[in-house]
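Asks: Just the structure for this:
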Amino acid sequence: MPPPLLRRLAGLATRSAEPANVQPYFAAERASWLSPDDTLSILMIIGGDIVQRAVAQLAGSGLRTRYWDFAPVAFSFGWLAYSVSALTSAVGDGRLLPQPDCAIHVINAKTGYRRQNASWVLGRLVRDHEKDKREDKSLNIAFYHTVSGEGAPKAGKPTRDWVYWCGVFVIFAQLAIAIVPGASHGNWIVLVVTVGGTVLALLGSGLPQWREEKYAARTIDKGPEVVCLTRGNGSTYAMVVISKTGLRLEDLAGGRDKRRQMTSVMSAVLTVLWVVLLLTVEGLDGDAWYLLAIGGLGMVQNVVAAGAARSAGALGIHFAPFDKTKDVVCKDKVMDSLMEAEERQAGVGLAMLKLFFPGDLRPREQEFWDMKKAEKSQAAKVVIGNGNSSSPMSETNAPQSGLPPQGDGLLAVPGLQSVTKTGGGSLTSDFSEKSLQSRSASSSSIALPLGPNGSSSQVPFTKP
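Replies: Model (predicted):
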């Protein structure tokens, strides 16, 4: 008689040779594919982060009212998961927008102050415009000017691009698909779920705090603002945004708090309603494929809206026409690019110098930047005559025309030989050959507005 172990092995071999009854397993799979009701309930709780990014992209781009804004973010499977996370944020830090997915530095070219960006808009602005590089080497510094004047688009009001209209189209396409089972055999539950989900999605994406938080910044009221945006040391791209009007980008980078009490209340109500919708989907009997197609189409729209590259206008910042060959500074070396950018717009190279070169500089480089710092310091101490000027200078002209006082009514400029006051109310000053060699400007004179005060006369100046 064989040992027990051999008898067990022989029994297993005999049973495995017999035909198995696999019909119940295939029947269950067939039922699941015919009507994936259980799958819908699982899909309803995934993809919440995608929904949040999609709403952040489209917030503020549609019709606006006092209590609600239209943002075309379609109903999808991730809305229930997002509603729970939104409720957590609403009762916590009070923020709706996600953290920027592109980490950048925001530097004021006038003050040199640098901060880490906390704005979703500015992060996406740099990410989507890095394609404007002239060459994929060294450091590309692109200069952008925001539009201004009568008839110009308003900052903080995005233009409606293909991403916006894609969302509108998907919403109507979902409703059209939901009508089919009701019109064919009277199952209107799919339409009820679709309409309910669409209404809840539009209510959640239309909370006014989305827009207020997205564009939380003061407007420019005194002179132009020059701001540098870059990923930092090691990056090959930097944006320089010159704004005469519009939003202060430095404020925008701070991520100001715009919480509302109504947002917390609405988030709680919407979360309860999304749970009710989930229970309705759980009780769906038949035609689940229609709802699966509707939710899948909405998910595709959410993914596209969350990740698509968009123009600056679609992000709410409107630029003048950009020429990649003329508006981009790109030299063989990073230092040369910074020097050229400083010559083009005073303060830009100085603002980014310590970010890209935190260590010691070569003697030639140190001499150049010391000279630029001296010019900037002089421009900040502009005093004309006894300190009274009838014509205030703008911030853009200050680095070129500002002169510090030296004694009683005298002005000191390195390399200055003489200054002649003309009848037109300006001072024309000649520079020495050494001073001209240290500057890249083609002109050998500068003009300062002093207001009309008689005919031409010679004014004494002293060298520092």
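Asks: Bridge partners for the residue nearest to Asp132 when sequence neighbours are not counted, pull those for me.
Replies: Nearest residue to Asp132 in three dimensions, chain neighbours excluded: Ala142, at 5.2 Å (CB to CB, 6 or more residues apart in numbering). Placement of C-beta: from N, CA and C, glycine included. Per DSSP bridges, the residues bridged to Ala142 are Met239, Val328.
Asks: how about Ala142, what does it touch?
Replies: For Ala142, the contacting residues are 129, 132-133, 237-240, 322, 324, 327-329, by CB atoms under 8 Å, 6 or more residues apart in numbering.
Asks: let's see 10 Å
Replies: 129-130, 132-134, 229, 237-241, 322, 324, 327-330, 341 (CB atoms under 10 Å, 6 or more residues apart in numbering).
Asks: Can you turn the buried part of these into a PyMOL selection?
Replies: Listed next is the PyMOL selection for buried residues among these, using 16 or more other CB atoms under 10 Å:
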select buried, resi 129+130+133+229+237+238+239+240+241+327+328+329+330+341
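Asks: do you know how far the closest residue to Ala155 other than its chain neighbours is from His318?
Replies: Leaving aside its sequence neighbours, Ala155 sits nearest to Gly246 (CB to CB, 6+ apart; 3.4 Å). Using CB to CB, to the nearest Å, Gly246 is found at 8 Å from His318.
Asks: Against Lys333, how distant is the residue nearest to Asp132?
Replies: For Ala142 relative to Lys333 (CB to CB), the value is 18 Å.
Asks: Check Gln99 too.
Replies: Separation of Gln99 from Lys333 (CB to CB): 34 Å.
Asks: Repeat that for Ala253.
Replies: Distance of Ala253 to Lys333, computed by CB to CB: 28 Å.
Asks: higher neighbour count, those two?
Replies: Per other CB atoms under 10 Å, whichever of Ala253 and Lys333 has more neighbours is Ala253, with 26 against 11.
Asks: who touches that one in this structure?
Replies: Applying CB under 10 Å, 6+ apart, we find Ala253 in contact with 100, 104-108, 114-119, 121-123, 217, 227, 229.
Asks: Mark which of those residues are buried, thanks.
Replies: Among the contacts of Ala253, the ones that count as buried by 16+ other CB under 10 Å are 100, 104-108, 114, 117-119, 121-123, 217, 227, 229.
Asks: any low-confidence regions in the stretch 251-400 of the chain?
Replies: Along the stretch 251-400 of the chain, the parts satisfying pLDDT under 70 run over 382-400.
Asks: for it, what spans make up the helices?
Replies: Along the stretch 251-400 of the chain, counting by DSSP state H, counting those that start in this stretch, helices occupy 261-282, 288-307, 334-344, 348-356, 363-379, 398-401.
Asks: Buried residues, the fifth one. List them.
Replies: So the one you mean is helix 363-379. Within helix 363-379, the residues that count as buried by 16+ other CB under 10 Å are 365, 368-369, 372, 375-376, 378-379.
Asks: Next: stretch 159-172.
Replies: Buried residues in stretch 159-172, counting neighbours by 16+ other CB under 10 Å, are found at 163-164, 166-167, 170-171.
Asks: Among those residues, which are located in helices?
Replies: The helices, defined by DSSP state H, take in 163-164, 166-167, 170-171 from the buried residues of stretch 159-172.
Asks: Between those, which sits nearest Ala351?
Replies: Closest to Ala351 out of those is Val163 (32.6 Å), distances taken as CB to CB.
Asks: wait, isn't that closest one in contact with Gly62?
Replies: No: counting by CB atoms under 10 Å, Val163 stays clear of Gly62, with 11.9 Å between them.
Asks: Surely Gln174 is in contact with Val73?
Replies: No: in this structure, Gln174 is not within contact of Val73 by CB under 10 Å, at 11.9 Å.
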